[in-house]
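K.L.:
Got a predicted model here, sequence first, then my questions.
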Amino acid sequence: MNYSELYENKKRGTFDFPIELYYVDSSSPRYQMPLHWHFEYELILIMQGSFYLSVDGKDYQMSAGDCAWISDGVVHGGIPNDCIYECVVFDLGTLLHDTPVCARSAAEFMSDEQGCTGVFRKGTRQAELADMLFDSMEREQRGYEWTTVGLMWQLMGSLIGLKNSASPVPKKRRQIIRLKNVLAYIRDNYENTVTLQELADVAGMAPRYFCRAFSSMTGKTPIEYINYYRIEQAGERLLLTDDSVTEIALSCGFNDMSYFSKTFAKYKGVCPSVFRSAQI
């Protein structure tokens with residue numbers, strides 16, 4: 001699952017069914033979910049193990065049966081622990097296009113800055129609907145598109161019913177928007193040398209203040225996050241290409257092979273060559 005493609009320019013599903021399902025386990029090239037954001041909505045269901053989810057700087061510990069609804073534009077990412085999880089990513093605007101039924105409430109739902117973003121525990125109505133929705137997409141039985149969309153409407157209805165108790169919009173929303181730009185900049189420039197001053201300039205903050213804000217949202221310093229992101233990219237290329245370890249290191253922004261191996265082992269637990277051979 002290539003989360004580097006989960007930005008606003010990626011098409012989901014087909015024109016008449018803009019919903020796409022992703023299944024992720026420890027053998028997936030992108031097992032971890034780097035912080036990212038996109039203009040689509042996302043529904044995450046934990047199938048097995050646990051998952052540490054970060055949503056706009058707020059952290060959640062998720063277990064099997066829990067689900068998360070992520071609105072468009074919300075920065076999110078996660079760390080799985082012996083976990084299998086599934087994601088449905090969908091273009092809600094396309095689904096609602098020219099739909100007269102519930103048009104007013106749908107418009108209100110989509111205009112909400114967080115759109116009911118949150119985690120819903122196993123046994124809640126939201127988690128039960130999410131489980132049925134994922135099951136429908138996995139089976140792909142005749143008419144599953146109707147069933148899936150119907151379950152989506154039910155889920156949205158249940159979320160709207162919780163609006164009064166929904167989490168408030170973060171006070172530091174402007175700061176989060178600035179940090180989105182930094183994440184996009186890292187995504188587009190991780191192959192090159194990236195300085196702290198560059199990132200601070202993108203965020204429009206003084207370097208010292210930027211470091212505190214970035215660490216507060218991601219749990220990592222800017223340099224730690226860049227290395228983490230580079231290693232995630234390198235891990236994917238090790239599994240999906242025949243490029244040499246040296247070529248991959250250079251293409252992911254590492255000019256020192258010793259430092260690359262050390263950093264890779266820090267995040268993956270093994271050296272690059274062992275990681276590649278273990279997944280074959």
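P.N.:
Arrived safely.
K.L.:
Packing partners of the helix or strand that contains Pro34?
P.N.:
Pro34 is part of strand 33-36 when elements are defined by DSSP states H and E. When contacts are defined as 3 or more C-beta pairs under 8 Å, 6 or more residues apart in numbering; DSSP states H and E, strand 33-36 packs onto strand 76-90, helix 173-189, helix 222-240. Where C-beta positions appear, they are placed from N, C-alpha and C, glycine not excepted.
K.L.:
Repeat the analysis, applying 10 Å as the threshold.
P.N.:
Other helices and strands packing on strand 33-36, by 3 or more C-beta pairs under 10 Å, 6 or more residues apart in numbering; DSSP states H and E, are strand 41-55, strand 76-90, helix 173-189, helix 207-218, helix 222-240.
K.L.:
Note down every partner strand of that strand and its orientation.
P.N.:
When pairing is defined by DSSP bridges, strand 33-36 lines up against strand 76-90 (antiparallel).
K.L.:
what about the helices in the stretch 51-200 of the chain?
P.N.:
92-96, 103-111, 125-139, 144-160, 173-189, 196-203 (DSSP state H, counting those that start in this stretch).
K.L.:
what's the closest non-adjacent residue to the most centrally placed residue in the chain?
P.N.:
The residue lying closest to the centre of the chain (C-alpha atoms, centre = their mean) is Gly77, at 4.5 Å. Ranked by C-beta to C-beta, 6 or more residues apart in numbering and with sequence neighbours excluded, the top spatial neighbour of Gly77 is Leu35, at 3.6 Å.
K.L.:
Give me the contacts around the strand holding Pro34.
P.N.:
Contact with strand 33-36 is made by 1, 3-7, 24, 42, 44, 51-55, 57, 75-80, 85, 87, 179-180, 182-184, 186-187, 217-220, 225, 228-229, 231-233, as judged by C-beta atoms under 10 Å, 6 or more residues apart in numbering.
K.L.:
Give me the mean pLDDT for that strand.
P.N.:
Average pLDDT, strand 33-36: 87.
K.L.:
same thing with stretch 65-84?
P.N.:
Here the average pLDDT along stretch 65-84 is 92.
K.L.:
Mind listing what's buried along it?
P.N.:
65-78, 80, 83-84 (16 or more other C-beta atoms under 10 Å).
K.L.:
In this structure Ala203 contacts Arg212, no?
P.N.:
No - proximity of Ala203 to Arg212 does not meet the contact threshold set by C-beta atoms under 10 Å, at 11.4 Å.
K.L.:
what about these two, which has more around it?
P.N.:
Ala203 (22 against 13; other C-beta atoms under 10 Å).
K.L.:
show me the contacts for the residue lying closest to the more buried one once chain neighbours are set aside.
P.N.:
Of all residues not flanking Ala203 in the chain, Arg178 sits nearest, at 4.5 Å (C-beta to C-beta, 6+ apart). By C-beta under 10 Å, 6+ apart, the residues touching Arg178 are Lys172, Val202, Ala203, Gly204, Met205, Phe210, Ala213, Phe214.
K.L.:
one more time with 7 Å
P.N.:
Residues in contact with Arg178 (C-beta atoms under 7 Å, 6 or more residues apart in numbering) are Ala203, Gly204, Met205.
K.L.:
again with Leu250
P.N.:
If a contact means C-beta under 7 Å, 6+ apart, then Leu250 has no contacts.
K.L.:
and it, what element?
P.N.:
Using DSSP H and E, Leu250 falls in helix 245-251.
K.L.:
And the next helix or strand past that helix?
P.N.:
Next along the chain after helix 245-251, taking DSSP H and E as the criterion, comes helix 257-268.
K.L.:
coming back round to it: using CSV, lay out the helices of the stretch 51-200 of the chain together with mean pLDDT.
P.N.:
Converted to CSV, the helices of the stretch 51-200 of the chain look like this (pLDDT from 0 to 100):
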stretch, mean pLDDT
helix 92-96, 70
helix 103-111, 61
helix 125-139, 95
helix 144-160, 90
helix 173-189, 81
helix 196-203, 92
